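**Q** Output the structure for:
(one chain, ligands or ions: 3)
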Amino acid sequence: MKWSNYFIPTLKETPIGTEAVSHQLLLRAGLVHMLTSGVYSYLPLGLRVLKRIEDIIREEMNAIGANELFLPCLHPIDLWKQTGRDEVLADVMIKFEDNRKRPMCLGPTHEEVITNLVKDFIQSYRQLPVVLYQIQTKFRDELRARFGIVRACEFIMKDAYSFDRDKKGLAKNYDLMYGAYKNVFQRCGLKTVILEADSGAMGGDVSHEFMVPASIGEDTVVSCSACGFQAGASEENAEGKPCPKCKKGNLTAQVAIELGHIFQLGTKYSQAQGAQFLDEDGKQKPIIMGCYGIGVSRVIAAIIEKHNDDKGIIWPRQVAPFDVEILPIQGSKEDKEIKDLTDRYYADLTAQGLEVLVDDREETAGRKFNDADLIGIPVRITIGKRNLAEGKVEIKDRETNEVILAEKGQVKKKVSEMTGSVCRIN
Ligand SMILES: Nc1ncnc2c1ncn2[C@@H]1O[C@H](COP(=O)(O)OP(=O)(O)O)[C@@H](O)[C@H]1O
Ligand SMILES: [Mg+2]
Ligand SMILES: [Zn+2]
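**A** Ligands and ions are numbered 1, 2, ... in the order given. I've put the predicted structure just below:
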């Protein structure tokens, strides 16, 4: 991909009114654009990251036997009345009347819709279990939209739902999801703290939250450095209080971002909506459900919060929008050797399955270096006259800041070592 032909509107200045580093960098690196408070567009570079994260999630969901589908955003309020959640979630629901005067809303979540769908197809225990998921836009009228895409009014969620005939089946699917979530966040370069949580407006008994401690966030986790105990903050579990586990250490508190939330719902929705199945014993029973959410767009913000320096973003390899950036330094007159080498590396690395961005813009070297650090592609190849006079090309690792001078014929080999020969095509 040539930068001159790619829409990456980087900003030199930190946009005003932004408190979170991730919000600043999302805007400065040309990843998102704000339409109005809490509503964002994803620009080409941001969309690439989003797709990478979605791909990781899809792989992990498919690996545990979940099937992807796609549910509507437009919901009739009548459906929500069946569970009473038109009232429970009234504050966040975006409601309106359509031209036929039907009361409608834009889906803030999808338990009611999926239960309604499954009810139409599942009659017998023989058809269970079923696990379904989607990656889709959710709408929540958040009064306090904050930290850019961390708390937005329109955001992308992966939501999954499991349907089982008994509690044992639910527990098994819940464990599979729990494991898949661990993999997803690890593959995104995030260390999570997993907390037993309150199931709140969802209902049900068992629930876990996946938190990433960061310098921003709306939750607080406490930890004990003596024994590693971690929990959500509460009256007993607070900064400076003795550790309830080892009784030796003291707790320290840190704010955290909630990225994922899983629930064992039980029969709350199936009972209210009449989603029953005929069990082996000849009895009609409500289907036992679980629900599982990841804030996909919020994950991008969390990754940036955890992977940045004063110059910009440092993408973990697995989610980077490109694997390699080639930065040719052309003087006032185009140098044929620099151009040929740029084209050759581009062709060779692309053929290896790497995604390559070439900064072919007619900009100063300084501007190109700053932008490269800002958008944070893991590996940068700089081709300039001075090094080339000695047959050398510079390779920089964005994460370690390590710079090596490689023989121009060794670049392909060096880069595949550094990228761990990530192969995107398969
Ligand atoms: N307003 C929002 N903007 C971005 N992501 C959100 C928002 N609300 C929730 N999420 C993401 O969706 C996941 C599942 O949502 P859920 O647990 O239903 O939300 P909440 O914790 O706000 O009740 C959350 O863990 C979070 O990552
Ligand atoms: Mg939650
Ligand atoms: Zn302890």
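**Q** three-state assignment of Ile326?
**A** Here Ile326 is recorded as strand under DSSP: H, G, I helix; E, B strand; the rest coil.
**Q** Quick one: check the lengthiest strand in the chain for contact with ligand 1.
**A** In the chain, with assignment by DSSP state E, the single longest strand is strand 251-266. Yes. Counting by CB under 6 Å from any ligand atom, ligand 1 has neighbours in strand 251-266: Glu258, Leu259, Gly260, His261. Any C-beta I mention is one placed from the backbone N, CA and C, and that applies to glycine too.
**Q** next structured bit after that strand?
**A** helix 268-273 (DSSP states H and E).
**Q** Give me the contacts around that next one.
**A** 82-84, 111-112, 115-116, 119, 203-204, 275-276, 286-289 (CB atoms under 8 Å, 6 or more residues apart in numbering).
**Q** how about a cut-off of 6 Å?
**A** Identification of contacts with helix 268-273 by CB atoms under 6 Å, 6 or more residues apart in numbering yields Gln82, Thr83, Glu111, Thr115, Gly203, Pro286, Ile287, Met289.
**Q** need the next SSE after that helix, C-terminal direction.
**A** Per DSSP H and E, the first helix or strand lying C-terminal to helix 268-273 is strand 276-278.
**Q** for that next one, packing partners?
**A** Under the contact criterion of 3 or more CB pairs under 6 Å, 6 or more residues apart in numbering; DSSP states H and E, strand 276-278 touches strand 284-286.
**Q** In a markdown table, list the contacts of helix 268-273 along with secondary structure, pLDDT and distance to Val356.
**A** Shown next, in a markdown table, are the contacts of helix 268-273 (DSSP: H, G, I helix; E, B strand; the rest coil; pLDDT from 0 to 100; distance: CB to CB, whole Å):
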| residue | secondary structure | pLDDT | distance to Val356 |
| --- | --- | --- | --- |
| Gln82 | coil | 98 | 52 |
| Thr83 | coil | 98 | 50 |
| Glu111 | helix | 98 | 43 |
| Thr115 | helix | 98 | 46 |
| Gly203 | coil | 63 | 49 |
| Pro286 | strand | 98 | 53 |
| Ile287 | coil | 98 | 49 |
| Met289 | strand | 98 | 45 |
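**Q** need the contact list for the residue in the stretch 201-350 of the chain that ligand 1 sits nearest to.
**A** Relative to ligand 1, the nearest point of the stretch 201-350 of the chain is Gly295 (2.3 Å; CB to the nearest ligand atom). By CB under 6 Å, 6+ apart, the contact set of Gly295 is Met157, Leu259.
**Q** try 7 Å
**A** Phe155, Met157, Leu259 (CB atoms under 7 Å, 6 or more residues apart in numbering).
**Q** my guess is Tyr345 meets Val411, correct?
**A** Yes. Contact criterion CB atoms under 7 Å: Tyr345 and Val411 qualify, at 5.9 Å.
**Q** which neighbours do the two share?
**A** Both Tyr345 and Val411 are contacted by Ile381, under the criterion CB under 7 Å, 6+ apart.
**Q** any chance you could map the strands in the stretch 1-150 of the chain?
**A** Along the stretch 1-150 of the chain, counting by DSSP state E, counting those that start in this stretch, strands occupy 32-36, 39-42, 67-68, 74-76, 94-97, 103-106, 130-139.
**Q** Does the lowest-mean-pLDDT helix or strand in the chain reach ligand 3?
**A** Least confident helix or strand, the chain: strand 230-232 with a mean of 91, by mean pLDDT, DSSP states H and E. No. Residues of strand 230-232 contacting ligand 3 under CB under 5 Å from the ion: none, with a closest distance of 9.5 Å.
**Q** and that strand, which strands flank it?
**A** Strand 230-232 pairs in its sheet with strand 219-224 (antiparallel), by DSSP bridges.
**Q** could you give the mean pLDDT of the partner strand?
**A** Per-residue pLDDT over strand 219-224 has a mean of 94.
**Q** just how off-centre is it within its chain?
**A** Distance, stretch centre to chain centre, for strand 219-224: 22 Å (CA atoms, centre = their mean, to the nearest Å).
**Q** ok, residues contacting it?
**A** So strand 219-224 is contacted by 193, 195, 211, 213, 229-233, 237-239, 243, 245-246, 249, 251-256, 258 (CB under 7 Å, 6+ apart).
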